[in-house]
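> Structure for the following, please:
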Amino acid sequence: MPDRSASPPTRRVVDIVSLLATSGEPISVAGIAERLGIARATATAILVELDAAGWVVRDPARGYGIGPALVGLRGAALPQDVGELLAGLAARTGYGATFSRIEPDRLTVLDVRHGVDRAVPGIPVGHRIPLQFPAGASVMPWRPAKEQNTWLNTADEADQRIVGALLALVRERGVAVFRPRADDAGLVDLLADLLGAVGSELLRPHLRTRALRQLAALTSRPFTRAELDSDEILPLSYLAAPVFDASGTAAYEVQLGPLQVATTRVERDEFVDATRSAAAELTNALTAGRHGK
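All right, here's what the predicted structure looks like:
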């Protein structure tokens, strides 16, 4: 997504269409407004115009889905279970969770569910980022060598020295775990709280992008094997686990964002278990058709 939106109202239209195009079920106006962090009146006004153009359609239960004018352009909808499972992860842990599609050149957020203890700061459905190290680390062990090499080339010299160990650890543990540098932990906490308090609609797009990039830079140090197995109190930013589609490709990832200044080993293990369990359930939801379930 560009750093600066030439038309924030148009950006909101795109966000709504992206949300409905990747949802497995109709979504109410209130649900759209909540997931995208926009005013309900704004969502209603946009939906009225989209409905008139046939881009969306309202069902008898007053939920909205993609309309006939866009059906021919629409990709396969995600199963309804995806949203429910993602919401379950957020409810189980108390922290925000996202579900994203990983393509060779980019990561696209398909669903966002906020936690009770912390929302996902400033990331709307449809948000895209270039696939650069360490984004996508959770799926890379299962992607073709060409994609791995392209991804590796986006890392700086210091990070390139740890990529092999990182991918081996992710393949072994089934999850990528990241932390801020120790001296950045307090700043991460403050920035995440500010983004969550301001909300994505009230923050200008270019400022939101800059803030998200800064937050990503501060939170993207991979855990080492020794740190994962350590009994020390350590900061934890987020976890990501691969989700496989019906062809067996690691095409998606589920991400959990505790963004905690200090965690015990027990707490970290609980986050790892929750993230891996959600990834396994999401994989089952996406592959059920392959098995005739």
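
> Would you double-check that Thr98 falls in a strand?
Yes: under DSSP: H, G, I helix; E, B strand; the rest coil, Thr98 falls within a strand.

> That one bridge partners, please.
Beta-bridge pairing for Thr98 (DSSP bridges): Val112, Gln255.

> Can you tell me the closest non-neighbouring residue to Ala278?
Leu89 (4.1 Å; CB to CB, 6 or more residues apart in numbering). Every C-beta, even on glycine, is put in place using the N, C-alpha and C of the backbone.

> pretty sure that neighbour contacts Arg113?
Yes: at 7.4 Å, Leu89 counts as touching Arg113 under the criterion of CB atoms under 8 Å.

> In terms of neighbours, single out the busier of those two.
Higher neighbour count among Leu89 and Arg113: Leu89, with 25 against 22, using other CB atoms under 10 Å.

> if we can go back for a sec, which residues are in contact with each of Leu89 and Arg113?
Counting by CB atoms under 8 Å, 6 or more residues apart in numbering, the common neighbours of Leu89 and Arg113 are Ala97.

> Do a quick rundown of the strands in the stretch 51-200 of the chain.
All strands of the stretch 51-200 of the chain, identified by DSSP state E, counting those that start in this stretch, fall at 56-58, 63-66, 97-102, 106-113, 128-130, 176-179.

> out of those strands, nearest to Glu84?
Between Glu84 and the strands of the stretch 51-200 of the chain, the tightest spacing by CB to CB is seen for strand 106-113, at 9.5 Å.

> Give me the contact list for that closest one.
22-23, 35, 78, 82-83, 86-87, 89-90, 96-101, 120, 123-131, 135-136, 252-253.

> For stretch 139-147, give me every contacting residue.
Outside stretch 139-147, the residues that reach it (CB under 8 Å, 6+ apart) are 102, 104, 148, 151, 167-168, 170-171, 242, 244, 249-253.

> Can I get the buried part of the residues you listed as one PyMOL selection?
Listed next is the PyMOL selection for buried residues among the contacts of stretch 139-147, using 16 or more other CB atoms under 10 Å:
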select buried, resi 102+148+151+167+170+242+244+250+251+252+253
